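Q: Whatever this is, show me its structure:
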Amino acid sequence: MNTHFVNKRVAHLLGYAGLIPFVLLMLGCWAAHPDWLGDFIKGQLAYGIAILSFLGGVHWGAVMVSSDLTMEQTRKGLVWGILPALIAWTSTLMGGFGFAVLMLGLIGAYQADKRMSVWYGMPEWFLPLRLKLTCIAVASLVLTVIAANVRG
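A: I've put the predicted structure just below:
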């Protein structure tokens, strides 16, 4: 069996599975009793923080296995690798604006992936997958914020 096909399939399955908490927590904000709203909002922010931090780690791993990078590309990949975690952490300090910071961080992570994935020789399916995952994650965060303001 073609391992590239297996990797693509597994990456897609796990990527979409990773959206399940985003979607369920967003739905919980709309469907659960208002007394539970704060718990769903906190859970959504915490999960978004974990995912954004993970996205930086992709660059560390890619830099470690890419043998054709220039010193500048290596430096940029490693520096970017820690920035999503710092952005995610910053979202915890921003009060009501934490979700906005998280959304901008997810969008920024996709933009960085768009630029740097060429350096790493990522497969052609990587960016379309990342775009879909980013759009659904950000939409879930937006709908969570709307629920918080409508139901809270």
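
Q: Burial check on Val79, number of neighbours?
A: Using other Cβ atoms under 10 Å, Val79 has 11 neighbouring residues. Every residue, glycine included, has its C-beta placed from N, CA and C.

Q: Make 9 the first number, not 1, from now on.
A: Renumbered: residue one is now 9, and that last one reads Val87.

Q: Check which helix or strand it maps to.
A: Using DSSP states H and E, Val87 falls within helix 79-99.

Q: any idea where the helices of this structure begin and end?
A: Listed in chain order, the helices of the chain (DSSP state H) span residues 11-25, 28-39, 45-73, 79-99, 106-128, 134-159.

Q: If you compare the directions of the fifth one and helix 45-73, what angle comes out?
A: When axes from the mean of the first three to the mean of the last three Cα atoms, to 10 degrees is applied, the directions of helix 106-128 and helix 45-73 differ by 20 degrees.

Q: Run through the neighbouring helices and strands of helix 106-128.
A: In terms of contacts (3 or more Cβ pairs under 8 Å, 6 or more residues apart in numbering; DSSP states H and E), helix 106-128 is packed against helix 45-73, helix 79-99, helix 134-159.
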